[in-house]
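1. Just need the structure, nothing else, for what follows:
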Amino acid sequence: MSTAERSKPADPPAVRAAGGVVRRRVRRGRLGRRGQEVIVIHRPRYDDWSFPKGKLDDGEGLEEAALREVREETGLACRILAPLGETHYADRRGRPKVVRYWVMEPEDGAGDAPFEPNAEVDVLRWLPPEAADRLLTYPHDRELLSRLPRGRRPS
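-> Numbers count the residues shown, from 1 in each chain. The predicted model follows:
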């Protein structure tokens, strides 16, 4: 190992976060075709449209953090249906960030409750995946949305 390699500063550890792609079943059109809608949130601090997510608290597990963040940002108590994968990107400070996501559904009846804006999120929209894809700010969120199972409950 050369002197340059030994003196190279280590890469900063990745910021770990977790979140959810929250969906609900809907019937659309005159024929009442079954479909789904997903939540997309607007964060005024960043002026972006994304999925609910956030950093882990000390000692918190990934699933626990995902459920907590979704509840804090949307007001919805949800249940996890299936893992959806991870996104990897640099945060606004240039640090590597890894976010683990799950497909979620609101607990019984919770999906119809009115949204109350909060310190982190000022708008919540339920949208068909095609409309959500057009609204999402970041390519990594659109790629994540493309993984969402369509037309059937994930196992």
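
2. Please work out how many residues are found near Lys53.
-> 22 (other CB atoms under 10 Å). C-beta coordinates here come from the backbone N, C-alpha and C atoms, glycine included.

3. if I pick the closest residue to it other than its chain neighbours, what's in contact with it?
-> Once flanking residues are discounted, Lys53 sits nearest to Gly19: 2.7 Å by CB to CB, 6 or more residues apart in numbering. Going by CB atoms under 8 Å, 6 or more residues apart in numbering, Gly19 touches 51-54, 66, 69-70, 99-102.

4. Of these, just say which sits nearest to Glu130.
-> When the contacts of Gly19 are compared for distance to Glu130 (CB to CB), Phe51 wins out at 15.8 Å.

5. where's that closest one relative to Gly109, distance?
-> Phe51 is 22 Å from Gly109, where distance means CB to CB, to the nearest Å.

6. Which one's more surrounded, those two?
-> More neighbours surround Phe51 than the other of Phe51 and Gly109, with 26 against 7 (other CB under 10 Å).

7. quick one: contacts for the most centrally placed residue in the chain?
-> Central residue of the chain (CA atoms, centre = their mean): Phe51, 3.4 Å from the mean position. The contact partners of Phe51, taken as CB under 8 Å, 6+ apart, are 19-22, 38-41, 101, 136, 141, 144.

8. so which of these is the most crowded?
-> Gly20 (30 neighbours).

9. and it, what element?
-> Per DSSP states H and E, Gly20 falls inside strand 15-28.
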